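1. what follows is a predicted protein model with its sequence.
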Amino acid sequence: MKMLSIEKLVKKYGDNTVLKGIDVQLKKGEVLVVLGPSGCGKSTLLRCINGLEIKQGGHIRMEGVGEFGQDISWEKVCEKVGMVFQNYELFAHMTVIDNILLGPLKVQKRKRAEAEAQADLLLKQVGLLEKKYAYPRELSGGQKQRIAIARALCMNPEIMLFDEITAALDPEMVREVLDVVLNLAKNGMSMIIVTHEMGFARKVADRIIFMDKGHIIEESTDPNQFFTQPQTERARAFLNKMDY
């Protein structure tokens, strides 16, 4: 079943068209990995999906919800679609638990006891329950990113977007973050992941789209085949430069 449908999506910055009529679908429980060179529009695609960027054309629809920005407000979209960025975006003056509970309490108006019980479970899942009352300055980069994932999940999103979540991490911290995402995939979370970690992409993806210059150049439902026998010359050139 198609959970998310993106049709003819256009995004411009002045005279520069970054997304040139993108068509993408996401099935329930599917992990879609978006690959491509820097500047091809990968991150912009994610930011358009949850309303951080205003699109200039096209439609984004979610099954049972309707069209984003029309049938459902962009504020409500952010409750349906969680997003984790490469730079954590944690509030430095707030403890881990207060960072996690900010959205559930202020936006969703949930009772603290119920939301905190869920937050404790999520912290346990990402292996950081003992850091509940720590401040971001007391955490490593990998720990901050795992907290950011727990914070997004505490809003009970139906879809998760991950934008280069390991890009700001030291190499030894990458594995701990990717393991959390792999566990989400095993548990059936619907996800769109932008990454330059090719080994991780190959392991987690149900489907891969390869973008270049604002277009989808290649799409594959067989990640192994994409990495061993890409169908386009542009994808082959891209993969030849990657270390995986």
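-> Received the coordinates, thanks. Numbers count the residues shown, from 1 in each chain.

2. helix or strand: which one has Val24?
-> Val24 belongs to strand 16-27 when assigned by DSSP states H and E.

3. next secondary structure after the lengthiest helix in the chain?
-> Looking across the chain with DSSP state H, the single longest helix is helix 171-186. Once helix 171-186 ends, the next helix or strand along the chain (criterion: DSSP H and E) is strand 190-194.

4. now the helix or strand just after that next one: average pLDDT?
-> Toward the C-terminus, strand 190-194 is succeeded by helix 198-204 as the next helix or strand (DSSP H and E). What helix 198-204 shows for mean pLDDT is 92.

5. just stretch 17-28 next, same as before
-> Rounded mean pLDDT across stretch 17-28 is 97.

6. same question for stretch 208-226.
-> Rounded mean pLDDT across stretch 208-226 is 97.

7. distance between that stretch and the chain's centre?
-> 17 Å (CA atoms, centre = their mean, to the nearest Å).

8. likewise stretch 144-163?
-> For stretch 144-163, the distance to the chain centre is 8 Å (CA atoms, centre = their mean).

9. gap between the two ends of that stretch?
-> 15 Å (CA to CA, to the nearest Å).

10. which residues touch the residue nearest to Ala168 when sequence neighbours are not counted?
-> Leaving aside its sequence neighbours, Ala168 sits nearest to Gln86 (CB to CB, 6 or more residues apart in numbering; 5.0 Å). Every C-beta, even on glycine, is put in place using the N, C-alpha and C of the backbone. Residues counted as contacts of Gln86 (CB atoms under 8 Å, 6 or more residues apart in numbering) are Asp163, Glu164, Ile165, Thr166, Ala167, Ala168.

11. specify the local secondary structure of Gln86.
-> coil (DSSP: H, G, I helix; E, B strand; the rest coil).

12. tabulate the CA atom coordinates of stretch 198-217 in PDB.
-> Taking Å, rounded to 0.1, in the frame of the first residue of the first chain, the C-alpha atoms of stretch 198-217 are listed here in PDB:
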ATOM      1  CA  MET A 198      27.000   3.000   1.100                       C
ATOM      2  CA  GLY A 199      27.500  -0.100   3.200                       C
ATOM      3  CA  PHE A 200      24.600   1.000   5.500                       C
ATOM      4  CA  ALA A 201      22.500   1.900   2.500                       C
ATOM      5  CA  ARG A 202      23.000  -1.500   1.000                       C
ATOM      6  CA  LYS A 203      22.000  -3.200   4.200                       C
ATOM      7  CA  VAL A 204      19.000  -1.200   5.200                       C
ATOM      8  CA  ALA A 205      17.300  -0.300   1.900                       C
ATOM      9  CA  ASP A 206      14.200  -2.000   0.500                       C
ATOM     10  CA  ARG A 207      14.500   0.400  -2.500                       C
ATOM     11  CA  ILE A 208      17.000   2.900  -3.700                       C
ATOM     12  CA  ILE A 209      16.600   6.000  -5.800                       C
ATOM     13  CA  PHE A 210      19.600   7.700  -7.300                       C
ATOM     14  CA  MET A 211      19.400  11.500  -7.900                       C
ATOM     15  CA  ASP A 212      21.400  13.900 -10.000                       C
ATOM     16  CA  LYS A 213      20.800  17.500 -10.800                       C
ATOM     17  CA  GLY A 214      17.300  17.600  -9.500                       C
ATOM     18  CA  HIS A 215      16.100  14.400 -11.300                       C
ATOM     19  CA  ILE A 216      15.700  10.800 -10.300                       C
ATOM     20  CA  ILE A 217      18.200   9.100 -12.600                       C
END
